[in-house]
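K.L.:
I would like the atomic coordinates for the input below:
(2 chains)
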Amino acid sequence: MRAIIQQMAALIGKDLRIESRGKDLLLTMTMFSLTLIVVFNFTFDAESAQAYLVAPGILWAAIAFASSTGMNRTFNREQEESCIQGLILSPIDPGTLYCAKFVSNLIFLLLCETIFLPVFWVLFDLPWRVLQPPFWLLLFFGSAGFAVVGTIFSAIAAESRAKELMLPILMLPILVPVILAAINGTQAIFESGNPTNWQPWIRLLVGFDVIFFVLAFLLYPFVVGE
Amino acid sequence: MEATQNRNIILLTQICKRFGWLDALQGIDLQVKPGECIALLGQNGAGKTTLLKTIAALIAPTSGQVQIQGQNPRQARSAIKRQIGFAGHQTFLYGGLTAEENMRFYGRLYSLESLPERIEQVLQTVGLRHRRNDRVSTLSSGMQQRLSIARAILHAPPILLLDEPFAGLDLGFTEKLQELIAKLNANRTTILLSTHDLNLALDLCDRLVLLRNGQLQIDCAPNQLPPEQWAAYLKGTA
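P.N.:
Predicted coordinates for the structure are as follows:
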C-alpha cells in the first residue's frame, strides 16, 4: 500500500511540476473558458432575468471545453518520447496510473475553475450568497465526472490519428448526464436554497462518478496495455 | 523440460508478431541463460526492436510464449517488471523535468531505497552528474541517450535490454558504455542488445543472434563463424 501511495505521489507530483514550469495546459484551459464566458456575456444582458437562467449552462459549457482541452494535453505528454512505455515497463499497476492521472486532471480542472469563476461571477452579476457548500459540492462532483471520463478517453484518443478531435467526440456524449445534472443542480441552487431541489442532482453526480470511476479503473489496463 | 526452463532466465517459444499484413517476427525460439550477453544482429526491419519489446512486454506477441524466469511478463505483475531494464530508440524521459528529477521519478515508481545515492551513482556512470539540474529538453540527443541508459540501469535489473544503445553516442561514451556493459555482464546481468556494429558485438557478446525478415537465421558464439562471414550475413550477401 505504501508503494502504491508513493507511486501515485510520484506521478501526480511529476504532472504538477511539469505544468508549474510550462503552464501551457492551465493557460490554454483558462483562456478557452474565459473567451467563452466573455462571448456569452456580450450575447446576454447580464442584468436581465434571462442571463440569470442561462448562467449555469454557460458555466458548465466553459468547464466542458476546459476539460476536453486540458485532458487531451495531459495524456499527450505521456506520448512524447513514448514516456507511457516507460510507465508500462515500471512496476506500476495500471489502476494506480489511472487514479494518479484522474487526480492530476481534477486538480488542473479545479485550478482552472478557481481562475475563471470570479470573472464569470462578476460578468454575470450573480449573487455571492449562493457560493455556499452546496455549490462547491456540485462544482467538485461535476468536475470529478469530467475527470473520471476524460482520463480514460484521453488515453484512448491519444492512440488514434485524430487525437485532439477524438476526445470530445468520445467524451461528451458519455458526459451528457453529468452536464444535465450539473446545470439543473446549479439552477436549483441559484433559484432557492431548498436542499430538496439540489440534493437529487448532487446524488446523481456522485453515483455517476462512482460507477464510471470503477469502470474506468477496471478497463484502464486494456487501454494502456500495448 | 522443466529443469531446462528453470535454467533459462528468458525463454521464447515460437514467437510470432504480425503488424497488419507484415510478419515482423516468425516463429522465434530463443533460450537465454543468466549472465549471458547476446547481440541481436540484422538489417533494418529484421525484427530486432520488435523482439526486444516483446521480451520487455511492451508488445504482445500474436502467438507464442515469452517466459521471464518461468513467468509470462504480461501476466506477472511488478516482481517480473523489476527484473527488466529497457533502453530503446525513445528515451522515455520527460523533457520538462531535469535529469535528476527524471531519475527520482522513475526511482520512486520502483520504490528504490537509498535513492539519492543511487541517482548520484548512475549519473556518475553515464557522465551526466554535471548536467543533473538541466532539463532533459536542453540536453543533446547523445546525452539524452546516456540518460536513458541511466534510467534503464537505475533499479539494477538482472535483465538488461538495449536497443541500439550505441546509436548517437560520441566515441568517448561508446567506449565507456562498452566498459559498463562488460562490467554489468561480469556481475551476472543478462544483457540482450541490438546493434549494427559487428565489431562491438564480436568484442562484447557471448552469443550472436542474426535475424532476417523476422526469422532467426543464426544463433551461435562469435568465434563459430569468421568475421567476414558475419559481415556478409549482415550485408545480406550470404
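
K.L.:
Quick one: residues in contact with stretch B:139-147.
P.N.:
B:87, B:91, B:93, B:99, B:102-103, B:126-128, B:131, B:136, B:165, B:167-170, B:173 (CB atoms under 8 Å, 6 or more residues apart in numbering or on different chains). C-beta coordinates here come from the backbone N, C-alpha and C atoms, glycine included.

K.L.:
ranges for the helices of chain A?
P.N.:
Applying DSSP state H to chain A gives helices spanning A:2-22, A:24-43, A:49-79, A:83-89, A:94-123, A:133-158, A:163-174, A:176-191, A:195-223.

K.L.:
which one of the ones you listed lies closest to residue B:197?
P.N.:
Taking CB to CB, helix A:83-89 is the member of the helices of chain A nearest to residue B:197, at 24.6 Å.

K.L.:
give me every residue that touches the closest residue to residue B:158 other than its chain neighbours.
P.N.:
Counting by CB to CB, 6 or more residues apart in numbering or on different chains, residue B:158 lies nearest to residue B:83, which is 5.4 Å off, once chain neighbours are set aside. With contacts defined as CB under 8 Å, 6+ apart, residue B:83 is in contact with B:68-69, B:157-159.

K.L.:
will you turn the residues you listed into CSV that also has pLDDT, distance to residue B:229 and neighbour count?
P.N.:
Shown next, in CSV, are the contacts of residue B:83 (pLDDT from 0 to 100; distance: CB to CB, whole Å; neighbours: other CB atoms under 10 Å in any protein chain shown):
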residue, pLDDT, distance to residue B:229, neighbour count
B:68, 91, 32, 26
B:69, 87, 34, 18
B:157, 94, 33, 19
B:158, 94, 33, 18
B:159, 94, 29, 22
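
K.L.:
mind giving me CSV with the residues you listed and columns for secondary structure?
P.N.:
Converted to CSV, the contacts of residue B:83 look like this (DSSP: H, G, I helix; E, B strand; the rest coil):
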residue, secondary structure
B:68, strand
B:69, coil
B:157, coil
B:158, coil
B:159, strand
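
K.L.:
Show the contacting residues for the residue lying closest to residue B:63 once chain neighbours are set aside.
P.N.:
Nearest residue to residue B:63, sequence neighbours excluded (CB to CB, 6+ apart): residue B:16, at 4.6 Å. Contacts for residue B:16 (CB under 8 Å, 6+ apart) come out as B:23, B:25-28, B:61-64.

K.L.:
For the helix or strand containing residue B:51, name the packing helices and strands.
P.N.:
Using DSSP states H and E, residue B:51 maps to helix B:48-55. On a contact count with 3 or more CB pairs under 8 Å, 6 or more residues apart in numbering or on different chains; DSSP states H and E, helix B:48-55 meets strand B:10-19, strand B:22-32, strand B:37-41, strand B:63-68, strand B:84-87, strand B:159-163, strand B:190-194.

K.L.:
Residue B:137 belongs to a helix?
P.N.:
Yes. Counting by three-state DSSP, residue B:137 is part of a helix.

K.L.:
Excluding sequence neighbours, find me the nearest residue to residue B:54.
P.N.:
Per CB to CB, 6+ apart, closest to residue B:54 is residue B:61, 5.4 Å.

K.L.:
quick one: contacts for that neighbour?
P.N.:
Contacts of residue B:61 were listed using CB under 8 Å, 6+ apart, and they are B:15-17, B:25, B:54.

K.L.:
do that again at 7 Å, thanks
P.N.:
Neighbour list for residue B:61: B:15-17, B:54 [criterion: CB atoms under 7 Å, 6 or more residues apart in numbering or on different chains].

K.L.:
which among those gets closest to residue B:224?
P.N.:
Closest approach to residue B:224 among the contacts of residue B:61 (CB to CB): residue B:15, at 23.5 Å.

K.L.:
Could you count how many residues lie near the closest residue to that closest one other than its chain neighbours?
P.N.:
Closest residue in space to residue B:15, ignoring its immediate chain neighbours: residue B:64 at 3.8 Å, by CB to CB, 6+ apart. Number of residues near residue B:64 (other CB atoms under 10 Å in any protein chain shown) recorded here: 17.

K.L.:
Would you agree residue B:64 is in contact with residue B:11?
P.N.:
No. Between residue B:64 and residue B:11 there is no contact, the gap being 10.7 Å when judged by CB atoms under 7 Å.

K.L.:
ok, back up a step: check the contacts of residue B:83 and tell me the two furthest apart.
P.N.:
Greatest spatial distance among the contacts of residue B:83 (CB to CB): B:69 and B:157, at 11.8 Å.
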